[in-house]
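Novice: Below are the sequence and a predicted model for it; my questions follow.
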Amino acid sequence: MKLSALLVTLSSIAAFAQEAAQPEQPSALASFLPLILLFVVMWLFFIRPKQKEMKQMDEMRKQLKKGDKVITTAGIIGTIANMEDTVITLRTGTSTIEFEKAAILRVINNDNSAKVEEKK
């Protein structure tokens, strides 16, 4: 009886020693998971909306035509008098100013502004 108790004790000690000698290592995926999740969240909330906005701005700039009333990034409001590949000439009152096409922020729709003024 003493021998069997001794064998059980030794086997349990050996099992505990084996578990203590080999601590569980997290997998490579588990260690990179927080970094992957951070990148996904940044892409969803920052990168993707900015890409969509840039596509819309490029599309708007491609559709510009002579006579459109626009606002530049500097806040200057004018009418497109001449267009070249990357340079746009704006007429603002009595003067004309040349801008890069990328400096056009948005097109002002005269029909919408007239409707807003009528409602007031």
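Specialist: Yes, it's here. Numbering: from 1, shown residues only.

Novice: And the contacts of the host helix or strand of residue 59?
Specialist: Per DSSP states H and E: residue 59 is located in helix 48-62. Outside helix 48-62, the residues that touch it by C-beta atoms under 8 Å, 6 or more residues apart in numbering are 101-102, 104, 106-107. Using the backbone N, CA and C atoms, a C-beta is placed for each residue, glycine as well.

Novice: Go over the secondary structure and confirm residue 39 is in a helix.
Specialist: Yes: under DSSP: H, G, I helix; E, B strand; the rest coil, residue 39 sits within a helix.

Novice: so who does it touch?
Specialist: Neighbours of residue 39 in contact, by C-beta under 8 Å, 6+ apart: none.

Novice: Then residue 31?
Specialist: So residue 31 contacts nothing (C-beta under 8 Å, 6+ apart).

Novice: Kindly report the domain assignment for this structure.
Specialist: 23-63, 65-120 (automatic domain parsing).

Novice: Tabulate these (CSV), appending mean pLDDT.
Specialist: Converted to CSV, these look like this (pLDDT from 0 to 100):
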stretch, mean pLDDT
domain 23-63, 87
domain 65-120, 83
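
Novice: ranges for the strands of the chain?
Specialist: 69-72, 77-83, 87-92, 95-100, 104-108 (DSSP state E).

Novice: what does the first one rub up against?
Specialist: By C-beta under 8 Å, 6+ apart, the surrounding residues in contact with strand 69-72 are 64, 77-80, 90, 99, 103-108, 110.

Novice: Run the chain-centre distance for it.
Specialist: Its chain's C-alpha centre and that of strand 69-72 lie 25 Å apart, by C-alpha atoms, centre = their mean, to the nearest Å.

Novice: partners of that strand, with directions?
Specialist: strand 77-83 (antiparallel), strand 104-108 (antiparallel) (DSSP bridges).

Novice: do you know which of these lies nearest residue 35?
Specialist: strand 104-108 (36.4 Å; C-beta to C-beta).
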